[in-house]
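1. predicted model follows, preceded by the sequence.
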Amino acid sequence: EDKVVQSPLSLVVHEGDTVTLNCSYEVTNFRSLLWYKQEKKAPTFLFMLTSSGIEKKSGRLSSILDKKELFSILNITATQTGDSAVYLCAYLQGAQKLVFGQGTRLTINP
Amino acid sequence: DAGITQSPRHKVTETGTPVTLRCHQTENHRYMYWYRQDPGHGLRLIHYSYGVKDTDKGEVSDGYSVSRSKTEDFLLTLESATSSQTSVYFCAISDGQGPGELFFGEGSRLTVL
């Protein structure tokens, strides 16, 4: 059965710390893996990864995919309180369906 | 931001009553989706549509039906609401071009008493 598992489910750190969020997957017809950030309302798109070993970067956030070991990580450096959110990992299935993990709730304390 | 509007944004209803949630898009995207979000479960797909009058089930479709009579509107109906359907419902759209991302609406919070 296809699935995606995120870890940790919850994480609390201090402002300025670096965090790494994990996403492992088992998918029979993998197309791409996506990361979303969800604050209070709608999830907003962060990254889409299709090729192994190529890092995607946006400011302090970066992500990489390992298709051999079936996982992805999301790194956030020099965290700020505005980074507090639920981070969602999802894989894209056939017919354009996104299947999500449970999410990681990240809390940044000042 | 993608033009997606959900209505109503908040609704409280009683067990056994019918409920319809509406998703309206102005992007002319082919794919539309309904997800529900509950604590500990992330986002789970209820139904999706890949064109006018073309719909299919997701992983948690029991108790829900959908309709898409126009490109811009995707309706989610709970024929007889139950307390287990208390949730936040998100609509999403995609243009379906390659492995593209989904864009989400602001969500509709439904409480079934």
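-> Great, that's in hand. Residues are numbered from 1 along each chain as shown, chains lettered A, B, ... in the order given.
2. so which bits of chain A are right by chain B?
-> A:31-32, A:34, A:41-45, A:48, A:50, A:88, A:90, A:92, A:95-103 (C-beta under 8 Å from any C-beta of the partner chain). Every C-beta, even on glycine, is put in place using the N, C-alpha and C of the backbone.
3. what residues are up against A:Leu74?
-> Going by C-beta atoms under 8 Å, 6 or more residues apart in numbering or on different chains, A:Leu74 touches A:Thr20, A:Leu21, A:Cys23, A:Trp35, A:Leu46, A:Phe47, A:Leu61, A:Ser62, A:Ser63, A:Tyr87, A:Cys89.
4. hmm, 7 Å instead?
-> For A:Leu74, the contacting residues are A:Leu21, A:Trp35, A:Leu61, A:Ser63, A:Tyr87, by C-beta atoms under 7 Å, 6 or more residues apart in numbering or on different chains.
5. that one: helix or strand, and which one exactly?
-> Element membership for A:Leu74 (DSSP states H and E) is strand A:71-76.
6. that strand pairs with which strands?
-> strand A:19-26 (antiparallel), strand A:61-66 (antiparallel) (DSSP bridges).
7. show me what the helix or strand following that strand is packed against.
-> Next helix or strand after strand A:71-76 toward the C-terminus (DSSP H and E): strand A:85-93. Here strand A:85-93 touches strand A:3-7, strand A:19-26, strand A:32-38, strand A:97-100, strand A:104-109, going by 3 or more C-beta pairs under 7 Å, 6 or more residues apart in numbering or on different chains; DSSP states H and E.
8. make it 6 Å
-> Applying 3 or more C-beta pairs under 6 Å, 6 or more residues apart in numbering or on different chains; DSSP states H and E, one finds that strand A:85-93 contacts strand A:3-7, strand A:19-26, strand A:32-38, strand A:97-100.
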